[in-house]
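J.: what follows is a predicted structure for the sequence shown.
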Amino acid sequence: MNKVCLIGRLTKDPEIRYTQSNNTAVTTFTLAVNRRFVKEGEENQADFIQIVAWSKTAEFCGKYFVKGQQVGIAGRIQTRNWDDEQGVKHYSTEVIAEEVFFADSKKDAFSQYGSAFGDNTKPDFEVASDDLSF
């Protein structure tokens, strides 16, 4: 089984693009996920996880997620590799987001990110998921 669940903060605004072949939305962003245990005398440490979302989930992330916001991601780990122009092999491990949600409290999210939704408006959604098929 390949399933991962993460809660962390966005390190920058998500980047949304569209594929050339069929104009499918794809959004990428990095999630800073705090490590659970901290050694005595050390500061909190975080892992920076690359996230990729496709289709409707990608559009949702691109529209509503902003830098610094705490979000939850459920998905699967995927590795890929490619050769660059010099023939050097590169590897990448990323999480393919299948479900995304806001993880800030409603009060914190509204006060911190209210301008993204309009000052007097609360978002009317909680979860975006997508049935990805390749």
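T.: Great, that's in hand.
J.: need the pLDDT of the residue most central in space within the chain.
T.: Taking Cα atoms, centre = their mean, the centroid of the chain lies closest to residue 51, which sits 4.6 Å from it. Here the pLDDT value assigned to residue 51 is 97.
J.: hang on, isn't it packed against residue 94?
T.: Yes. Between residue 51 and residue 94 a contact is recorded at 6.7 Å, counting by Cβ atoms under 8 Å. To be clear about C-beta, it is placed using only N, CA and C from the backbone, and glycine gets the same treatment.
J.: picking that back up, the residue nearest to the centre of the chain should be in a strand, yeah?
T.: Yes. Assessed by DSSP: H, G, I helix; E, B strand; the rest coil, residue 51 belongs to a strand.
J.: quick one: contacts for it?
T.: Residue 51 makes contact with 28-31, 73, 75, 94-95, 97, according to Cβ atoms under 8 Å, 6 or more residues apart in numbering.
J.: tell me which two in these are the farthest apart.
T.: Greatest spatial distance among the contacts of residue 51 (Cβ to Cβ): 30 and 75, at 14.4 Å.
J.: returning to that earlier point: which residues does the residue nearest to the centre of the chain bridge with?
T.: Beta-bridge partners recorded for residue 51 (DSSP bridges): residue 29, residue 95.
J.: from residue 105, how far off is it?
T.: Relative to residue 105, residue 51 is positioned 22 Å away (Cβ to Cβ, to the nearest Å).
J.: go on, residue 85?
T.: Look at residue 85 and residue 105: by Cβ to Cβ, they are 47 Å apart.
J.: of these two, give the one with the bigger neighbour count.
T.: Counted by other Cβ atoms under 10 Å, residue 85 and residue 105 do not tie: residue 105 has more neighbours, with 11 against 5.
J.: check the offset of stretch 53-66 from the chain's centre.
T.: Its chain's C-alpha centre and that of stretch 53-66 lie 9 Å apart, by Cα atoms, centre = their mean, to the nearest Å.
J.: what mean pLDDT does stretch 64-78 have?
T.: The model assigns stretch 64-78 a mean pLDDT of 96.
J.: CA-only coordinates of it in PDB, if you can.
T.: Extracted in PDB, the C-alpha atoms of stretch 64-78 (Å, rounded to 0.1, in the frame of the first residue of the first chain):
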ATOM      1  CA  TYR A  64      -7.000  28.800  -2.500                       C
ATOM      2  CA  PHE A  65      -3.600  27.800  -1.000                       C
ATOM      3  CA  VAL A  66      -1.100  30.600   0.000                       C
ATOM      4  CA  LYS A  67       2.400  30.800   1.400                       C
ATOM      5  CA  GLY A  68       2.500  30.100   5.200                       C
ATOM      6  CA  GLN A  69      -0.900  28.400   5.300                       C
ATOM      7  CA  GLN A  70      -1.200  25.100   7.200                       C
ATOM      8  CA  VAL A  71      -2.700  22.400   5.000                       C
ATOM      9  CA  GLY A  72      -3.200  18.600   5.000                       C
ATOM     10  CA  ILE A  73      -2.400  16.400   2.100                       C
ATOM     11  CA  ALA A  74      -3.400  12.700   1.500                       C
ATOM     12  CA  GLY A  75      -1.800  11.000  -1.400                       C
ATOM     13  CA  ARG A  76       0.900   8.600  -2.600                       C
ATOM     14  CA  ILE A  77       4.600   8.700  -2.900                       C
ATOM     15  CA  GLN A  78       6.000   8.600  -6.500                       C
END
